[in-house]
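Engineer: Everything below, folded, please.
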Amino acid sequence: MIIVLKQKTKQEDIERLQSLVRSKGLDPYLSQGVKTTIIGLVGDTTQIDPRSLEVDEAVERVMKVSEPYKKANRAFHPDDSIIDVSGVKVGGDHLAVIAGPCSIESEEQVIEIARAAKAAGANMLRGGAFKPRTSPYAFQGMGSSGLDILYKAGKEVGMPIVSELMSADHLEEFDKKVDLIQIGARNMQNFDLLKQLGKTKRPILLKRGLSATFEEWIMSAEYIMAAGNPNVILCERGIRTFESYTRNTLDLQAIPVVKKLTHLPIIIDPSHAGGKWWLVEPMARAAVAAGADGLMIEVHNNPEKALCDGPQSLKPEKFEAVIKQVRDIAKIIGKTV
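Structural biologist: Numbering: from 1, shown residues only. Take a look at the predicted model:
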């Protein structure tokens, strides 16, 4: 349920209505936009009679919300959320470009890629230190030492860093070092981990699960937000279908659907979606044209010898060419890198 307030409602009336909501055992979620102020009711809304609210002189109307997610719901927050990742804005008219290797392999490798990525137009640096791999015999990442390398590279080139958290055991370390904490597709419904992420104020990049519906994905974001962290960015990275030629199937419809259902930013990962380097460029162009708030692209200086996901990684010079095209498309739809 949401309470839509009349324009120019006084602050004292807003606080009075919030107190009323709390007195009924509900949590008021205040959203103040340019033209509209809304109080979302989170909890058992059967405890309050909508008619008792509608007669209030400060209330324009009361609306029921049928979706199970509340804080992530566009109805609760009509304006687009803009998430600040250590100075880099994600959402609105800002286009985030996250680039870097799938896995951190050495200090020299990461710093070389970081310099090239920034020169090409990236504004965040990614790198995997803890890697969830299908095979227990595959390279699992360098762990904490790899995270230290990524942290150092980010400081050297002046870019916020992005890395995947697999376990709450490392949350304290990530909270200190990582600017944007990534939750991978396999952990999208790790609800205990999502609750722990609600206790940090670090922004969270939540990837869509391999076979997750839109509602399941948004409900996972709701877990983080309900636990106290509103700074969630959604990431579409391809879903599993019957097609085996590509690694996954990139669902570009996710962009307009997410923007209709939620106020959260959405970025696209064309690298993991197709699993082939030559698919990254056309899918990146299409994603930005469809209104994505950012891209996450894997870049490697020597993909042929990469320890992880070399076939889907772009060389720095190719990444630069992609960003030039993406920047032109972004201008047309009113976004800037």
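
Engineer: Could you use CA atoms for every contact and neighbour count after this?
Structural biologist: Fine.

Engineer: who's T262 bridged to?
Structural biologist: Residues found in beta-bridge contact with T262 (criterion: DSSP bridges) are N73.

Engineer: Isn't it up against A72?
Structural biologist: Yes: in this structure, T262 is within contact of A72 by C-alpha atoms under 8 Å, at 5.5 Å.

Engineer: is it fair to say Y137 lies in a strand?
Structural biologist: No: according to DSSP: H, G, I helix; E, B strand; the rest coil, Y137 belongs to no strand; its state is coil.

Engineer: do you know how far it is from I3?
Structural biologist: Note on Y137: its distance to I3, by C-alpha to C-alpha, to the nearest Å, is 54 Å.

Engineer: what does H263 give?
Structural biologist: In terms of C-alpha to C-alpha, H263 sits 17 Å off from I3.

Engineer: quick one: the strands in this structure?
Structural biologist: 2-5, 27-32, 37-42, 59-63, 83-85, 88-90, 96-100, 124-126, 161-164, 180-183, 204-207, 232-236, 266-268, 294-298 (DSSP state E).

Engineer: Now render these as TSV, adding mean pLDDT and distance to G143.
Structural biologist: TSV is the format used below for these (pLDDT from 0 to 100; distance: least, C-alpha to C-alpha, whole Å):
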stretch	mean pLDDT	distance to G143
strand 2-5	93	44
strand 27-32	90	38
strand 37-42	91	39
strand 59-63	92	48
strand 83-85	98	23
strand 88-90	97	26
strand 96-100	97	17
strand 124-126	98	14
strand 161-164	97	11
strand 180-183	98	15
strand 204-207	98	19
strand 232-236	98	23
strand 266-268	98	25
strand 294-298	98	19
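
Engineer: Which stretch among those strands approaches Y151 most closely?
Structural biologist: For the strands of the chain, the distance to Y151 is smallest for strand 161-164, at 6.9 Å, taking C-alpha to C-alpha.

Engineer: Residues contacting that closest one, please?
Structural biologist: Contact with strand 161-164 is made by 98, 124-131, 147, 150-151, 154, 178-184, as judged by C-alpha atoms under 8 Å, 6 or more residues apart in numbering.

Engineer: One more: stretch 133-145?
Structural biologist: S103, I104, E105, G128, A129, F130, K131, P132, L307, C308.

Engineer: Between all of these, which two are separated the most?
Structural biologist: E105 and P132, at 15.4 Å, using C-alpha to C-alpha across the contacts of stretch 133-145.

Engineer: leaving aside the residues next to it on the chain, what's closest to the spatially most central residue of the chain?
Structural biologist: For the chain, the residue nearest the mean C-alpha position is I233 (1.9 Å; C-alpha atoms, centre = their mean). Among residues not flanking I233 along the chain, L205 sits closest, at 4.8 Å (C-alpha to C-alpha, 6 or more residues apart in numbering).

Engineer: how much space between the one you found and V85?
Structural biologist: Taken as C-alpha to C-alpha, the span from L205 to V85 is 10 Å.

Engineer: Then M188?
Structural biologist: In terms of C-alpha to C-alpha, M188 sits 21 Å off from V85.

Engineer: need the helices for the stretch 201-337 of the chain, in chain order.
Structural biologist: Along the stretch 201-337 of the chain, counting by DSSP state H, counting those that start in this stretch, helices occupy 214-226, 254-261, 270-274, 277-289, 316-332.

Engineer: Now mean neighbour count, distance to F76 and mean pLDDT too, for those, in TSV please.
Structural biologist: Compiled in TSV, those are given as follows (neighbours: other C-alpha atoms under 10 Å; distance: least, C-alpha to C-alpha, whole Å; pLDDT from 0 to 100):
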stretch	mean neighbour count	distance to F76	mean pLDDT
helix 214-226	22	12	97
helix 254-261	17	10	98
helix 270-274	26	30	95
helix 277-289	20	26	97
helix 316-332	17	28	96
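
Engineer: From the centre of the protein, point out the most distant residue.
Structural biologist: Max distance from the centre of the chain (C-alpha atoms, centre = their mean): V55, 39.1 Å.

Engineer: What distance do you get for that residue to E12?
Structural biologist: Distance from V55 to E12, by C-alpha to C-alpha: 17 Å.

Engineer: One more: F242?
Structural biologist: 57 Å.

Engineer: again, but for S23
Structural biologist: 16 Å.

Engineer: and what of N301?
Structural biologist: 58 Å.

Engineer: Give me the below-cutoff pLDDT ranges for the stretch 101-250 of the chain.
Structural biologist: Applying pLDDT under 70 to the stretch 101-250 of the chain flags no residue at all.

Engineer: Swap in 80 and give it another go.
Structural biologist: By pLDDT under 80, the weakly predicted segments of the stretch 101-250 of the chain are 131-135, 137-141.

Engineer: where along the stretch 51-200 of the chain do the helices fall?
Structural biologist: Secondary structure of the stretch 51-200 of the chain (DSSP H, counting those that start in this stretch): helices at 107-120, 144-157, 171-177, 191-197.

Engineer: and G198, what is it in contact with?
Structural biologist: Shown in contact with G198 (C-alpha under 8 Å, 6+ apart): Y223, I224, M225, A226, A227, G228, N229, P230.

Engineer: would you turn those into TSV with distance to P78?
Structural biologist: Below are these laid out as TSV (distance: C-alpha to C-alpha, whole Å):
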residue	distance to P78
Y223	20
I224	19
M225	16
A226	18
A227	21
G228	20
N229	18
P230	15
